[in-house]
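Engineer: I need the structure of the sequence given here:
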Amino acid sequence: MISLNTLNNSNSSITNFFIGNHLSISMAAEYSGYNPQYLRRLLRSGKLSGVKIGQMWLINLDSLENHIHQTKVMNDHRYGPKMRKLYVVENGELCPPL
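Structural biologist: Numbers count the residues shown, from 1 in each chain. As a prediction, the model looks like this:
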C-alpha cells in the first residue's frame, strides 16, 4: 500500500510518503510533532526502527507510536512532542483529523 501526499509551496515541493507501515521523516514529523532532525537522531541511535533508502529514512509507525507512548509514561516532557496532531490510520491510510 503506497500513499503519496504532495504539498506545493511557492518555494519548494514537499512529498510525504506513507508506505505500508512506514512513514517518511516529514510525514512522521507532522504526525508526531517532533522535529525532523530529532527523528533522524532517534533513528541513527536505534531508539526508533526504520529503513534507510539512499538518503531517505522511512520510520516504522508502530515504533514511533511506541516511542510517543513511552515518553508520556516517563512524565519527562523534555522529550515529548511539541504539538501532536491527531492523525489516524484508517483502511491502511494515514488520515488527518476532521
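Engineer: Going by C-alpha atoms from here, please, whenever you check contacts or count neighbours.
Structural biologist: OK.
Engineer: Where does pLDDT dip in this structure?
Structural biologist: 1-18, 75-90, 92-98 (pLDDT under 70).
Engineer: got the buried residues for the top helix by length along the chain?
Structural biologist: Taking DSSP state H as the assignment, the helix of the chain that covers the most residues is helix 61-74. Buried positions in helix 61-74, judged by neighbour count with 16 or more other C-alpha atoms under 10 Å: Leu61, Ser63, Leu64, His67, Ile68.
Engineer: who's in contact with the nearest residue to Ile25 once chain neighbours are set aside?
Structural biologist: Spatially, and ignoring its direct neighbours in sequence, Ile25 is nearest to Pro36 (5.9 Å; C-alpha to C-alpha, 6 or more residues apart in numbering). Contacts for Pro36 (C-alpha atoms under 8 Å, 6 or more residues apart in numbering) come out as Ile25, Ser26, Ala28, Ala29.
Engineer: Next step: those restricted to strands.
Structural biologist: Assigned to strands by DSSP state E, none of the contacts of Pro36 qualify.
Engineer: ok, so of these, who is nearest Ser45?
Structural biologist: Using C-alpha to C-alpha, Ile25 is the member of these that lies nearest Ser45, at 15.3 Å.
Engineer: ok, now how distant is that closest one from Val73?
Structural biologist: Counting by C-alpha to C-alpha, to the nearest Å, the separation of Ile25 from Val73 is 24 Å.
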